[in-house]
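Visitor: Pasted the sequence and its predicted model underneath.
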There are 2 protein chains.
Amino acid sequence: MRPREFDHDDVLRIAFDQFWRKGFRGTSLSDIARDAGVQRGSLYNAFGSKEALFLQAYRRYAADYLALLQKALGAGSLRNRLAAFFDLTIANFCSGSPPRGCPTTRGLMELGAAEGEGLDEEARQTFANLISHITTLVQDALSAGAERGEFKGNPEAAALHIITVTRGLAVLERAFGDEAQLRKIAAHTVDLVLDKANETVSRKQAR
Amino acid sequence: MRPREFDHDDVLRIAFDQFWRKGFRGTSLSDIARDAGVQRGSLYNAFGSKEALFLQAYRRYAADYLALLQKALGAGSLRNRLAAFFDLTIANFCSGSPPRGCPTTRGLMELGAAEGEGLDEEARQTFANLISHITTLVQDALSAGAERGEFKGNPEAAALHIITVTRGLAVLERAFGDEAQLRKIAAHTVDLVLDKANETVSRKQAR
DNA sequence: TTTTGTTTTTGACACGATGTCGAAAAATCA
DNA sequence: TGATTTTTCGACATCGTGTCAAAAACAAAA
């Protein structure tokens, strides 16, 4: 057995950084190999394919990100939990310079319609999986809030709505790159879901 | 002057059909050339570059789509207008087999972080432009509805919210491919915005 | 210590895509 | 009919992915 000359986790980190900034198709294995100081062939030997490397790197990210969200959604009033959730989400999209956007959303849009082109069905499930997990976290927070009387709607529908908004924010980030606008939309969403939209609007219209 | 042997508009239609189904990066000029019965070089001669061809084709789509939305948002009660708007949006995302998704959202996610890779700044503005136009249409409908007492919130904030949801629907379509779920989210959004969420929830919980 | 064996590394190859360029072909105008 | 202009065609350079076989490096057995 000849030992590997590079660190598996280092390469995953370096690879995901590139994938995040430039997307799956926009990142070449040559780029990653150069950055990691490894030969291209070694990457194929260690990971099998560009897609397999991406999935390993992405799953790492997904697990870490999910843990952060869980923490944000686990303390304080429901309103504060949702605010923290959106804060983290937007900070994630706008991190880096230039902002890197949302890897999940980008990945979903890079799915290939045909065979061989772009990411495939396994990737789709991996992305969908993270979204489902996040939805569950949000729904749990809403259910807990409902029991404490902080929320009187349908947790399932509201959670889906909130997730949809976060996905929309990921898209608007690419379109306008205006973090302040994203925060406004998020705040408005929290208001809507917690049924305080009207008071908020009145305050805004009063000034 | 020798006249062109192919129809400019035909090629645009054929090209956009491929771009829509397979994305910008997933579509090769060879594909388009084969489908259109034209040589690859002729496409470069007529359009300049793959990106220029995409932009021409996309702008056609955007103009047509915007006209449809305008029509949907221009008749009936505010609730019906918004419902028609979401119907059209979702039908657009789910059209084709397999569903083609949202070309705007996909395009935004295919923007290149670096130079030369993927779509560039001009494309970003083109996408952002369509989104802005649609936002204006929705906002106008909400303002009109507000005057007629069908809506009592802030039209600007509500329009932005609705647009964000449509972008989110485009992403969820890719993740889950469940048109019925998209319709549910859309209906819930209309309820939220028109401030009927609670009654609706009560009805749902009653059954 | 030497040998054997296994895995990694390395470089070359095949293939396909983009984009450019020059030569050939074709159609219109004079 | 002939000249000119534009299109078309095919070849080329470059870059990306993915595969393969040979070389290299280490571990363990003899």
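Guide: That came through fine. Residues are numbered from 1 along each chain as shown, chains lettered A, B, ... in the order given.

Visitor: which stretches of chain A have low pLDDT?
Guide: The model of chain A has pLDDT under 70 over residues A:113-118, A:196-207.

Visitor: how about the helices in it?
Guide: Under the criterion DSSP state H, chain A contains helices at A:8-22, A:29-36, A:40-47, A:50-72, A:78-94, A:103-109, A:121-147, A:155-176, A:179-193, A:197-206.

Visitor: Make CSV out of those helices and add distance to residue B:80.
Guide: Glycine gets a C-beta too; all of them are placed from N, C-alpha and C. Shown next, in CSV, are those (distance: least, C-beta to C-beta, whole Å):
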stretch, distance to residue B:80
helix A:8-22, 42
helix A:29-36, 51
helix A:40-47, 53
helix A:50-72, 37
helix A:78-94, 31
helix A:103-109, 31
helix A:121-147, 29
helix A:155-176, 21
helix A:179-193, 21
helix A:197-206, 21
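
Visitor: Would you tell me which of these gets closest to residue B:35?
Guide: Smallest distance to residue B:35 across the helices of chain A (C-beta to C-beta): 22.6 Å, for helix A:103-109.

Visitor: How about that closest one and chain B, any contact?
Guide: Yes - counting by C-beta under 8 Å from any C-beta of the partner chain, chain B has neighbours in helix A:103-109: A:105-106, A:108-109.

Visitor: for that helix, packing partners?
Guide: Packing partners of helix A:103-109 (3 or more C-beta pairs under 8 Å, 6 or more residues apart in numbering or on different chains; DSSP states H and E): helix A:8-22, helix A:50-72, helix A:121-147, helix A:155-176, helix B:103-109, helix B:155-176.

Visitor: 6 Å instead, please
Guide: Packing partners of helix A:103-109 (3 or more C-beta pairs under 6 Å, 6 or more residues apart in numbering or on different chains; DSSP states H and E): helix A:121-147, helix B:103-109, helix B:155-176.

Visitor: Give me the contact list for the shortest one.
Guide: What that stands for is helix B:103-109. Applying C-beta atoms under 6 Å, 6 or more residues apart in numbering or on different chains, the contact partners of helix B:103-109 are A:106, A:109, A:171, A:174-175, B:20, B:23, B:127, B:130, B:170.

Visitor: same thing with stretch A:70-83?
Guide: A:84-85, A:88, A:137, A:141, A:145, A:150-151, A:190.

Visitor: Need the helices and strands packed on helix A:103-109 in JSON lines (columns: mean neighbour count).
Guide: Formatted as JSON lines, the helices and strands packed on helix A:103-109 follow (neighbours: other C-beta atoms under 10 Å in any protein chain shown):
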{"stretch": "helix A:121-147", "mean neighbour count": "18"}
{"stretch": "helix B:103-109", "mean neighbour count": "27"}
{"stretch": "helix B:155-176", "mean neighbour count": "24"}
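
Visitor: can I get those in a markdown table with distance to residue A:3?
Guide: Converted to a markdown table, these look like this (distance: least, C-beta to C-beta, whole Å):
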| stretch | distance to residue A:3 |
| --- | --- |
| helix A:121-147 | 30 |
| helix B:103-109 | 39 |
| helix B:155-176 | 40 |
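
Visitor: Output these as a markdown table; include the columns distance to DNA strand D.
Guide: Converted to a markdown table, the helices and strands packed on helix A:103-109 look like this (distance: least, C-beta to the nearest atom of the strand, whole Å):
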| stretch | distance to DNA strand D |
| --- | --- |
| helix A:121-147 | 12 |
| helix B:103-109 | 18 |
| helix B:155-176 | 21 |
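
Visitor: between those, which one is nearest to DNA strand C?
Guide: With C-beta to the nearest atom of the strand as the criterion, DNA strand C lies closest to helix B:103-109 of the helices and strands packed on helix A:103-109, at 15.3 Å.

Visitor: which bits of chain A sit near chain B?
Guide: Within reach of chain B by C-beta under 6 Å from any C-beta of the partner chain, chain A has these residues: A:21-22, A:25-26, A:105-106, A:108-109, A:112-113, A:117-118, A:127-128, A:131, A:153-154, A:157, A:160-161, A:164-165, A:167-168, A:171, A:174-176, A:185, A:188, A:192, A:197, A:201.

Visitor: ok now do residue A:32, which residues does it touch?
Guide: The contact partners of residue A:32, by C-beta under 6 Å, 6+ apart, come to A:15, A:18.
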